[in-house]
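Engineer: what follows is a protein structure lacking sequence information:
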């Protein structure tokens, strides 16, 4: 079954547009996360600078507010959910970026090769996220036993 060349061209245009939009959104996400991380680091540094001695810091850590502060670090560091979500996001963006390169290549083999690489790496991130999800669930169920 042959497709109309005009229809094929429209499909390519939509895939390229979707890949470019995904790339822009991903870039925006990276910039906002970098800004957020910088603000969090500045806030944490300012909080630690407020303590004049180790004794003051130890008292803070024993208070309910201090324990909540430490738990916010522990959740972000030990929770696999964030890394799994980041892998899924990155995998989806790379797959669409690769598809955009492949469909926008117009016979350019270098562009098709780059597209294939992006698609394969994106699929790798998605597979990694799925495996991580199942391993995290299995480890979590064993810890609860």
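Structural biologist: Sure, I can see it. This one's a predicted model, so the numbers in the text were calculated from it and none came from an experiment. Residues are numbered from 1 along each chain as shown.

Engineer: remind me, longest helix of this protein?
Structural biologist: In the chain, with assignment by DSSP state H, the single longest helix is helix 5-49.

Engineer: show me what that helix is packed against.
Structural biologist: With contacts defined as 3 or more C-beta pairs under 8 Å, 6 or more residues apart in numbering; DSSP states H and E, the packing partners of helix 5-49 are helix 80-103. Backbone N, C-alpha and C define where each C-beta goes, glycine included.

Engineer: centre of the chain versus the helix it packs on, how much separation?
Structural biologist: Using C-alpha atoms, centre = their mean, to the nearest Å, the distance from the centre of helix 80-103 to the centre of the chain it belongs to is 8 Å.

Engineer: give me the number of residues near the nearest residue to residue 117 once chain neighbours are set aside?
Structural biologist: Distances taken as C-beta to C-beta, 6 or more residues apart in numbering place residue 98 nearest to residue 117, at 7.0 Å, with adjacent residues excluded. For residue 98, the tally of surrounding residues (other C-beta atoms under 10 Å) stands at 22.

Engineer: middle-most residue in the chain, spatially?
Structural biologist: residue 86 (2.4 Å; C-alpha atoms, centre = their mean).

Engineer: for it, report the pLDDT, please.
Structural biologist: The predicted local confidence for residue 86 comes out at a pLDDT of 83.

Engineer: distance check, it against residue 80.
Structural biologist: Applying C-beta to C-beta, to the nearest Å, one obtains 11 Å for the distance of residue 86 from residue 80.

Engineer: now residue 10
Structural biologist: Taking C-beta to C-beta, one finds residue 10 at 41 Å from residue 80.

Engineer: okay, these two: which has more neighbours?
Structural biologist: Counted by other C-beta under 10 Å, residue 10 and residue 80 do not tie: residue 80 has more neighbours, with 15 against 11.

Engineer: for the more buried one, give its distance to residue 142.
Structural biologist: Look at residue 80 and residue 142: by C-beta to C-beta, they are 14 Å apart.

Engineer: and what of residue 96?
Structural biologist: Remark: distance between residue 96 and residue 142 (C-beta to C-beta) = 36 Å.
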